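Trainee: sharing a model prediction with you, sequence too.
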Amino acid sequence: MRLLLILLSYVGLRICLHVLFPNLWVSLSSFVELCTPISSFRSTKEGLYLFNQLSVSPYKGNIFQQSPLMIALFTIVPEQLHFLVFTFVDVFAAYNLASFASTNMSYSPSVVAASYLFNPFSLLSSLANSTNVIGNSCICASLGFLGKKKAAKSIFFFSLACVLMVYPFYLSFNYIILAAEWCNSRWYSVTFKFLFFICCFFTLAFIPFQSWKFLNSQFVSAIVMRDLSRPNIGLWWYFFIELFSEFRPFYTCVFQLYLVSLQVPLAIRFPKQKLFAFTLLVGFLATFKPYPELSDIGLYITMLLLNKPVFDLMHHKVYEILGFVYFAALSPAFYYLWISSGSGNANFFYAINLVYAATMIVLFSDHTWAAIRYEYDGGKDKTVTQI
Amino acid sequence: MLVFILFQLACALYAENLDIKPLSNNELFSTFNFTMQQAISPIPPIEYSIFPRSLGEILQSTMTSELHIRFGHGVWDSDSWGALPQNGLITGGSGVEIWAFISAADQQHALRQWNQLVNQLSGYFCASMGFADETVVTFPSMQAMAPRGGNMNTILMRASLPAEPVCTENLTPFLKLLPCRNKAGLSTMLSGNRVFASKWQTMSVDVFPFEEELRLEQIVSLVSDVKRNFTDPLPYPELETDLDCDSYRGDGACFPVKKSEVAFNLTTIFGYFERDLCILGDAKIKVDLPVGWTVNNDTKYESILDETIPELEFVSNGKASFDNLPPPFIVDRSFSGYGMQNGGVRVVITNNRPYPINVRYLESWPHFVKLFMHTLSLGGNGTIVNKTYLPSLNKNSAFLELELEIVDSIVLEFEFEKSLLLLEEYPPDANHGFEISPALTILKDGDYVYEDRTPSMLLPLPVPDFSMPYNVVILTSTVMGLAFGTIYNLLVRDVVPLSQVPVHSENLLQKVLKKIK
Amino acid sequence: MGLLAILLAKTNQGTFLKRIVGKLPFCSVLCALVGLFLLLYLPVDGQFRKTYFSENALLPHQGQTFFRSSDWVVVNGIRDEIRSYEENGMPDFLKVGLTKNIFEQFDVKVYTHDWSHADGSFGGTNIYGIVRATRGTQNEAAVIAAPWTNMEGRFNEGGVAVLLGLARHFTKWTMLHKNLIFVIPSNSEVALRRWVDAYHTTLQHTAGNIEGAIVLDYASSSDKFQHIDIGFEGLNGQLPNLDLVNTAGHSAMSEFVDISILGSHISRAQSYSTRLHTLFRNIYQQAGAGIVNDYPSAMFSGWHIDAITLRAVEGNRNDITAFGRVCESTFRSINNLLEHFHQSFFFYLLLSPVSFVSIAQYLPSAILVAFSFSLMAFYTVFTVEKAAINSLALLKAIFAYSFLVLSFVGFGYFYAVENMELCLLFLATLSIAVIAIVRFGSDAKMMMRIVVSIILGVLLSTLATINFSLALVLGILLLPLAFVGPNMHDKLNSVLLMISNPVVVTTVVGGEAFGLLPGEFIDKMVEGYIELNSWTWLIVCAIYLPAWTAASCICI
């Protein structure tokens, strides 16, 4: 009942905001924390315009770097109802997270749903119409169906997330073993279904433009970080802008290896806490991928609540919250000083990127230590402290 | 020998023309037109006499059937000076503009030949035309810019370099193309000092086939400020006695009024020049005067020169009236918005004709300007008949060609986003900004063609800190190493309670310390 | 992190933490006082730096200045003419037409711009003339402006005359790289602001990006002036590049004209007290920007334009052409620039025309004042009972405070744009929030106290990086709120709340600092937001009012 109330109030809020400020998303999408070049709705609209009005393939330009399925989706939905897509997607994600929460040791479903919907990071990202939220909600949906032990539907949504956003591929190993454990199926059956759905979605993506160009424009661009036109809250952009171009291939490989390298060790170290491994990887990727956004962090924070015992064992939450508050205040201020006011320079904004990464490091180590502590005795002995 | 030369000359044609016309506000408009025409035999070797051999060979080797180069500097003031000279067909926007019609199989081959062409031309004209590579080149439609020779089997390619400075080092090789160089004929009147101290100046080179012959037209147009030539190049204050005041103020207060009568001659404007004529062709001077002016005490002057270039004395009585034909349309382009992230463009095209006109509007934008064509909006009285938009791919320029029908005046607006570039892609003066090439508007009304170019615009881009490569690498690597190290530590180490920590055996040092205590 | 956990464990074990916690209120007051003391310590010898040029291309006053001898005669003639317009009480349209004529006499292309107030009523007509550069690509410009009335409302006859004299002078120049725009706006505030806004949006005849602007203010009818006062403060905490201010100062001193900064003491007579006075004038001007007494160059803020005002102070030392020469020399340095001003400081406080402090020296003051709020938040966290700290209370406090802030911002915004229905709507939501907070349980009230202190700390430190003076002033005015709480003495609470009461503050600050009644003060802030785009009003609504309201609600 409370869950229904929360979902309805969110829908009501979105509709009110759309009626009062129909162009709010345009102003919000100019915030670099909320929108990146590969998930900006302005690029999607430009891609739609190129395809529908001018009959030029959107991949003939540099602006559109998303999946062809986005073009298909937003062509089918009429223009005035585009905001409803994002509302529906959010509500779907919250509903799935809530259904996962009701079947496991987590906070109550309404708390989890409210945390996903009204979390300022995810809410603002969704109001800015960042297409990442669609991918994130597919991940939530796959988790929801895992909770209901429906393997095929879960893998369907996870592979959709992989095709829409590129980075869930880096979660696939841990997801497969998580799904195998939760749905009581063998890992090769899960892998086979996953690869089957991926092939289906790639074929589906081929159909709108009758070309495989999207693999280059979407996947290779996201991995190699071809588009360095806007800063974001991550560490890659300034690094690759300032780097001499001879070293680019080397450092791209190093950074990608960095992202890939955490999957297997986490799986080996925490064989009994597969959900924790998956959650930590979501957060890790959300911080260190080339085009991070606040919606990814919003998802990670909500997923922390899905694991109540471990969450209760985290001791440094205050510092993390304060870190986020200072980050949320200073990041737009320093970006404004650099770009709009012209009084500051790029180092101001870069410093806040580093502060944000440091806050996330504290969060990761806190989370991991909580998992280790839980593994030791389930958190029963209150006198145990870390030395 | 003389017969041979004369025979050669009979197959070639060279003509020099100078048109002079005073404009309002003490400005003088002069156009120097040098035309060379030469029969071209279809079988090589081609005998070049008047036509410069080097230029002909460049065109032959790159299979260019037509070449047009424009050097421009300054802004044409349509309010005071009326329509552009020769309907804008000889003027260029600021910087260098080149367009050529190249015979090639497809765009890839044409680009290769184009690169060869501009690299050779850049050495030829001492202008860095080599920068007009595939990132700057656009392919406009033939309806917008038709070839003068009529050969439609070619590929049209156009590039504009608005940041190129145009100065004496471009004028000298330009004049070297002439048969008499700058040693004899009307070209001796062109000296770098005077040409580039003008308010507006343009140099154009057109090579095109004309009635089965190859024609080269070189035109230098300039608008000189007469007043400046009377004073010192340095702006010293005038003597009090030289001031023109209205008479009813007291001592020590002079309300200045415009000097009415003006008298000057060609040497005042162009400086000292040799008076010999070029024997290889005819030179003609034509002076077009408004009412109230006299040249050599006559109301007009037009004659083919013989022997020397005469001195022309101009006198105006200060009440001269000018009837300059207004241009058929006026284009104003400017940026709207502020800040280093988002921006907008606003183009206002005003129709001066009493009936609707059909114009083509061409623009090219570099790759770091991310245009959002879905925000294109049209206000005012007009419609977009046709739209061609090629977005920028990788580092190429975006190209926009609109065919507009304008009744009264229209306002075109669209938005864009500015992007960051890699450190190496910024020029040394990164905080100056980047030049956006002028927009070209073409009106075709039957046989009447009018071209207008807007001034170039300066786009400031956000810049990273250029002193930071090392610092950024080490700081980012430190943070990533910190993350990795923390998680690695937690993953790899065994976590046991303190009571279960195995006791280490003492090493030598501890044994010694124990003994000492 | 292991290190953090070890540190926390060690501090939790001993009594070290408990002893510190007891002293935290004292530490907090000490922190704020240290911040203020640091500010007072800045003018001491050795704490500030002499100004220097960072941009090599400027070459300040390296070229000879030519605006002299017969130009004096011309300026006198023009001033005579302009004085006759004012003396004959000419209507504005006639004045504009005649001034256009003057520009045309000098062969300068002239255009007009009609501007209107934010509510649509007609404001006036600005005139501007463009002298095109002969060199360069001609898509950069510099502006020289002289409003008809200066910032004190006096007739700016000398400024307009020098501007017209300079317009005539610059048409003789062959070395212009930047187009020159000569602007005569109808007044020195809204008209100039409208012109700058229109230039970047709808104005048809423009001359490229504006790289620098100089505003001339010479309001006396005498031929001579004492010294030049340079004004540089912009709106919303923006300042022009220090290089531009130094260029003007250096040019003036090379022409043997004394300079002063923001109306304080001239360059030659400097001591600790004069520097302190100038420091406070900097803070006063920056915090009060958009309210009253704005220098006209502040109207160029927000468009990446560095602008300064040259004001001639009445006296008998230098003649009017020296004023023109200072402007000419400063413009010549702007002309020399290839890149936009970027080398020197954008964040500075000038203690005298030749000494300054940069952000690293003055920012700690504001940050310490903001930090004292955080210290009081820590104090509350450590002294309240453990049972009171629960997530539900925290969530209620955060939710209520955000609702309060949004209501105040909405109320402030719609009050400013005079949309009374929505204003009343937000007033209603405000009252709901207030009632809710008053009815909170004691644990939620303690959480509210913590939330308010932390949010104030965060917002004031962020504001300090953008607008240092406003953050400092707001921090000092709000400091009593840090010590207010449901567990404090009632008498102490009421005294502190009275001191920081918005009505009291408006009366005191408005009266003492700006000479305005409270109603006028608020009107001026609102007008600054609507007409000039100054955000002071919204910042006050977002930071000051919600904090005070929440603090007073939790004490009930």
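Mentor: On my side now, so go ahead. Residues are numbered from 1 along each chain as shown, chains lettered A, B, ... in the order given.
Trainee: so what's residue 251 scoring on pLDDT?
Mentor: Just going to use chain A. pLDDT, residue A:251: 95.
Trainee: can you look at chain B instead?
Mentor: Looking at residue B:251, its pLDDT reads 73.
Trainee: what is the burial count for it?
Mentor: 7 (other Cβ atoms under 10 Å in any protein chain shown). For every residue, glycine as well, the C-beta is placed using N, CA and C.
Trainee: and it, what does it touch?
Mentor: By Cβ atoms under 8 Å, 6 or more residues apart in numbering or on different chains, no residues touch residue B:251.
Trainee: what comes up buried for stretch C:423-437?
Mentor: Of all the residues in stretch C:423-437, those buried under the rule 16 or more other Cβ atoms under 10 Å in any protein chain shown are C:423, C:426, C:427, C:429, C:430, C:433, C:434, C:436, C:437.
Trainee: same check, this time on stretch A:238-246
Mentor: Result for stretch A:238-246 [16+ other Cβ under 10 Å]: buried residues A:238, A:239, A:240, A:241, A:242, A:243.
Trainee: start and end of it, how far apart?
Mentor: Terminal residues of stretch A:238-246 lie 16 Å apart, using Cα to Cα, to the nearest Å.
Trainee: mind checking how far it is from the chain centre?
Mentor: Mean C-alpha position of stretch A:238-246 versus that of the full chain (Cα atoms, centre = their mean, to the nearest Å) differs by 25 Å.
Trainee: tell me the one of the buried residues of stretch A:238-246 nearest residue C:207?
Mentor: Proximity of those to residue C:207 (Cβ to Cβ) peaks at residue A:241, which lies at 33.0 Å.
Trainee: can you give me the distance of that closest one to residue B:423?
Mentor: Relative to residue B:423, residue A:241 is positioned 6 Å away (criterion: Cβ to Cβ, to the nearest Å).
Trainee: likewise for residue B:322?
Mentor: Taken as Cβ to Cβ, the span from residue B:322 to residue B:423 is 53 Å.
Trainee: so these two - more neighbours on which side?
Mentor: Counted by other Cβ under 10 Å, residue B:322 and residue B:423 do not tie: residue B:423 has more neighbours, with 20 against 16.
Trainee: for the more buried one, give me its contacts.
Mentor: Contacts of residue B:423 (Cβ under 8 Å, 6+ apart): A:241, A:242, A:243, A:244, B:464, B:466, B:469.
Trainee: what is the burial count for the residue of the stretch 151-300 of chain C found nearest chain A?
Mentor: Across the stretch 151-300 of chain C, no residue is closer to chain A than residue C:238, which sits at 5.9 Å (Cβ to the nearest Cβ). For residue C:238, the tally of surrounding residues (other Cβ under 10 Å) stands at 26.
Trainee: could you check which helix or strand contains residue A:5?
Mentor: Here residue A:5, judged by DSSP states H and E, is contained in helix A:2-20.
Trainee: before we move on, the earlier item: what touches both of residue A:241 and residue B:423?
Mentor: Counting by Cβ under 8 Å, 6+ apart, the contacts common to residue A:241 and residue B:423 are residue B:464.
Trainee: how about the longest helix along chain B and chain A, touching?
Mentor: As assigned by DSSP state H, the longest helix anywhere in chain B is helix B:469-492. Yes - Helix B:469-492 comes into contact with chain A (Cβ under 8 Å from any Cβ of the partner chain), by way of B:469, B:472-473, B:475-476, B:479-480, B:482-484, B:486-487, B:490-492.
Trainee: hmm, who's touching that helix?
Mentor: Identification of contacts with helix B:469-492 by Cβ under 8 Å, 6+ apart yields A:235, A:238-239, A:242-244, A:255, A:258, A:262, A:265-266, A:269, A:284, A:287-288, A:350, A:354, A:357-358, A:360-361, A:364-365, A:368-369, A:372, B:423, C:1-2.
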